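Visitor: Turn this into a model:
(2 chains)
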Protein chains: 2
Amino acid sequence: MRLFLFLMAMVLPAADRVDWIWSAGHVITMDPARRVIADGAVAVKGERIVAVGTRAEIDARYKAAKRIDRHQAVIAPGLIDTHTHAPMSLFRGLADDRRLQEWLEKFIFPAEAKNVDAEFVRWGTRLACLEMVLSGTTTYTDMYYFEEVIAEETKAAGLRGVLGQTIIGFPVPDAKTPQEGLARAERFIQRFQNDPLIVPAPAPHAVYTTPDEILRGARALANKYRVPMLIHLSETRRENEESLAKRGMTPTQLLESLGALEGRTLGAHGVWLDDGDLAILRRRGTGLAHCPSSNSKLASGVARVPHILNFGIAMGLGTDGFAGSNNDANLFEEMDLAAKMQKVSTLNPELLPARQALEMATVLGARALGMEKEIGSLEAGKRADLILVRADAAHALPMYNVVSQMVYALKGHDVNDVMVNGKMVVRERNVLTLDAVKVLAKAREYREKVARSVGLQ
Amino acid sequence: MRLFLFLMAMVLPAADRVDWIWSAGHVITMDPARRVIADGAVAVKGERIVAVGTRAEIDARYKAAKRIDRHQAVIAPGLIDTHTHAPMSLFRGLADDRRLQEWLEKFIFPAEAKNVDAEFVRWGTRLACLEMVLSGTTTYTDMYYFEEVIAEETKAAGLRGVLGQTIIGFPVPDAKTPQEGLARAERFIQRFQNDPLIVPAPAPHAVYTTPDEILRGARALANKYRVPMLIHLSETRRENEESLAKRGMTPTQLLESLGALEGRTLGAHGVWLDDGDLAILRRRGTGLAHCPSSNSKLASGVARVPHILNFGIAMGLGTDGFAGSNNDANLFEEMDLAAKMQKVSTLNPELLPARQALEMATVLGARALGMEKEIGSLEAGKRADLILVRADAAHALPMYNVVSQMVYALKGHDVNDVMVNGKMVVRERNVLTLDAVKVLAKAREYREKVARSVGLQ
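Guide: Numbers count the residues shown, from 1 in each chain, chains lettered A, B, ... in the order given. Predicted structure coming up:
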């Protein structure tokens, strides 16, 4: 028998050896032709995708060490979250249905001042990673404190992160001054600049909280290390009005006047951008993060997403924080809501169709982060970031249109398997990289501490 | 040992025997005081709740034949869907992101004409019941054809249904004329009028599709049998404008002029109701169904929910159809979206807080249907319709505010156990009353037939 196999191997054309083949009833590639392949498969070797095609094609050409085959399922690119604050998972639902100032001043700022330290950030990141990867997010974009701890935990969890060390004009848990924040950001970038999973970044909070010279400094830092800069941009009407009143410029004009957009930048929210702002952002190649849950729950407003996309600006989707602004980190919900918000706010049901919502969560998110050559679609040569979504439950059937089903019917919970950078992170809904029992127990512990700190029972 | 137990039983105060005790970390009662009981329990005997209290109180007083105890969980009233078209589950996602007229005329009407018969309705109802009960819906309100088949299947699935036989002014799959539809509705009502699970109803489709004399006839029929009448009401701007142009009255004024609101009525949507309409509806005690997914996805508009509730009108939540208008039947998503839509459309984050969204899915839905004495809250004497929702996943922790968590963080998928009218329908996410494998296989079969009928591949 062994001899026979040996002889066969000599005679037949040698199949290329790969590490993994995944196959499913449908593969959504998000490649330039937006192919959806029926009975499709993806071959992975090392950290990268080596081929995408029909299962018959892939099986004829490749021989895999390991396989996942599930017919009633959809394989898709891992989803990309372009804006969140991961450790705030420990504040989930701490204060809902309140005006922004009351929410910030009575709950979030005191809760952060009293609770946020490196240990809080470590457990909060673990909780967020657990939740994100279980709903199909493989890359996320963060802005918070102690970002080096977030990077350590993101790597340990096996997720990809574009992680921004916050720099802000008042004392915060990890820096007394913005200068200290800037120095911290530089050390953080130096430490993680060549990491396969982490893209470190400086994250000046926003124009209304960060002094001009610090915005300039953050830009210089980003350009020095060839990393992106992350910033909140025109989230609320008040932010815009104050900028106009105090500086005579919109936040985008102000950043432009400082030269702070001259380099790769990701602006979060962009609800109140006008066409002048958009012209600047397009010229600078700035990417944007649309956060439909946050913008609706905090009543910030409806970003003009179809207009922004038609303008040629890459806008991805972001879940934003967990405390009041969203309450969870689930890009399936953001895709669905992004589409619905546009339709109802314009009374036009054709706006932001399912295809475009899925683009925002994949290829457009990648482009907004400047990572479109590495992630966002299933194509040979790209990083092996992929998800397998079950489509065999009552809410998933019948399946007339796969993309429509992904956006409007399937749920984060339907995500069954997740691979990031060629490594399995979730298998049959078990997160292989995190001790879930321990993380959840710690979340319950923090509940008591945080509740006491803000006077809740 | 037996003698000892016998003697103990003689000496101790006898515990009342009940069929079930459910206990959990939190019980959301939705009683008039809106109590949320920590370490709470519910005792059930026969079809009804006999007591609600702390677990210690309930255990001291009652002895249960069977128990469900789960600490990291929330027990809540079964959710109430006040508007759907259950068999349309088989058209899920057939045509999305289209204008209403194109959607109706090119897809839905042809698909219905070519596919809808009693058998289609039977399998569609089974699929919808499977999905609804797995996301915590225990009562649903339907408007479709062959409603007697829907009633048979709803009973078999063990759900509670307020089921409306459609009556409409053009030939439909189960009636050539509205007169025939009216006669069919009467036979249907006669057959199910004393059913413990089914409330049968006549459902004239809307003022723009149903002749005046038929609207009057449907009202008379409802009043004769003391059942509610269901109707679509001011869903789109076009419906209102056409009514004003052709009849010189809003749809509500027209119904009022016909005497068609003089009796229990449930109006679905109510997006374009003005204050004059609301005054009429309040005087008539009409209930309303708010359908946030449908109204946003089809771009119908944002109903003025807080205003309507402040007016003193009971407005529940509805998922509406599955084909284009929503794509699934999940009241957790409707609660979340109802809150977010109000906030963002008014730029006021305090509007429609979590508490009110949960009221709409429970007590207000019950009141809109005229069933507030029987369902909608966990109180002694009410029907035993209850759900146990797991709260031990990453997205469910930490838990600062139970009601907020229900609305903004927990998912339909977290529903673990469901009881309707004292009978277990879901146990550990297994639906005990339906053959899921068979229902899902049939949904895949119908996919091919329906797709061919409208020229999809």
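Visitor: For the stretch 351-457 of chain A, just list every one of the helices.
Guide: Per DSSP state H, counting those that start in this stretch, the stretch 351-457 of chain A carries helices over the ranges A:354-361, A:363-368, A:402-408, A:436-453.
Visitor: Adding mean pLDDT and distance to residue B:325, write these out as JSON lines.
Guide: C-betas here are computed from N, CA, C, even on glycine. Converted to JSON lines, the helices of the stretch 351-457 of chain A look like this (pLDDT from 0 to 100; distance: least, CB to CB, whole Å):
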{"stretch": "helix A:354-361", "mean pLDDT": "98", "distance to residue B:325": "14"}
{"stretch": "helix A:363-368", "mean pLDDT": "98", "distance to residue B:325": "26"}
{"stretch": "helix A:402-408", "mean pLDDT": "97", "distance to residue B:325": "10"}
{"stretch": "helix A:436-453", "mean pLDDT": "96", "distance to residue B:325": "37"}
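Visitor: what's around residue A:68, how many residues?
Guide: Neighbourhood size, residue A:68 [other CB atoms under 10 Å in any protein chain shown]: 22.
Visitor: now it, what's its secondary structure?
Guide: Using DSSP: H, G, I helix; E, B strand; the rest coil, the secondary structure recorded for residue A:68 is strand.
Visitor: Specify the local secondary structure of residue A:308.
Guide: Under three-state DSSP, residue A:308 falls in the helix class.
Visitor: where along the stretch 201-350 of chain A do the strands fall?
Guide: Assigned by DSSP state E, counting those that start in this stretch, the strands in the stretch 201-350 of chain A fall at A:229-233, A:265-269, A:287-290, A:315-317.
Visitor: Give me the residues contacting the second one.
Guide: Okay, so that is strand A:265-269. Strand A:265-269 has contacts (CB atoms under 8 Å, 6 or more residues apart in numbering or on different chains) with A:82-83, A:141, A:143, A:162, A:222, A:228-235, A:252, A:281, A:284, A:286-291, A:294-295, A:300, A:303, A:318, A:320, A:368-369.
Visitor: do the same with the first one
Guide: If you take CB under 8 Å, 6+ apart as the criterion, strand A:229-233 is touched by A:141, A:143, A:162, A:164, A:201-207, A:218-219, A:221-222, A:239, A:251-252, A:255, A:260, A:263-270, A:273, A:288.
Visitor: what about stretch A:82-92, near chain B?
Guide: Yes - residues of stretch A:82-92 contacting chain B under CB under 8 Å from any CB of the partner chain: A:89-90, A:92.
Visitor: which residues are there in the stretch 101-250 of chain A that come within reach of chain B?
Guide: Contact residues (CB under 8 Å from any CB) of the stretch 101-250 of chain A with chain B: A:103, A:127, A:130-131, A:134-135, A:237.
Visitor: One more pass at 7 Å, please.
Guide: A:127, A:130-131, A:134 (CB under 7 Å from any CB of the partner chain).
Visitor: what about burial for those residues, which qualify?
Guide: A:127, A:130-131, A:134 (16 or more other CB atoms under 10 Å in any protein chain shown).
Visitor: could you dump the strands of the stretch 201-350 of chain A to a markdown table with mean neighbour count and mean pLDDT?
Guide: As requested, those are exported to a markdown table (neighbours: other CB atoms under 10 Å in any protein chain shown; pLDDT from 0 to 100):
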| stretch | mean neighbour count | mean pLDDT |
| --- | --- | --- |
| strand A:229-233 | 28 | 98 |
| strand A:265-269 | 27 | 98 |
| strand A:287-290 | 30 | 98 |
| strand A:315-317 | 30 | 98 |
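Visitor: Isn't residue A:415 up against residue A:136?
Guide: Yes - between residue A:415 and residue A:136 a contact is recorded at 4.2 Å, counting by CB atoms under 7 Å.
Visitor: hey, what's in contact with both of these two?
Guide: Shared contacts of residue A:415 and residue A:136 (CB atoms under 7 Å, 6 or more residues apart in numbering or on different chains): A:387, A:389.
Visitor: between those two, who's got more neighbours?
Guide: Between residue A:415 and residue A:136, counted using other CB under 10 Å, the more crowded position is residue A:136 (30 against 25).
Visitor: Provide the backbone phi and psi angles at that one.
Guide: phi 90, psi 10 (degrees, to the nearest 10).
Visitor: distance of it from residue A:390?
Guide: Distance, residue A:136 to residue A:390, using CB to CB, to the nearest Å: 11 Å.
Visitor: repeat for residue A:207
Guide: To residue A:390, residue A:207 is 44 Å away according to CB to CB.
Visitor: quick one, what contacts residue A:411?
Guide: A:332, B:411, B:413.
Visitor: would you turn those into TSV with distance to residue A:436 and pLDDT?
Guide: Converted to TSV, the contacts of residue A:411 look like this (distance: CB to CB, whole Å; pLDDT from 0 to 100):
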residue	distance to residue A:436	pLDDT
A:332	20	98
B:411	17	98
B:413	17	98
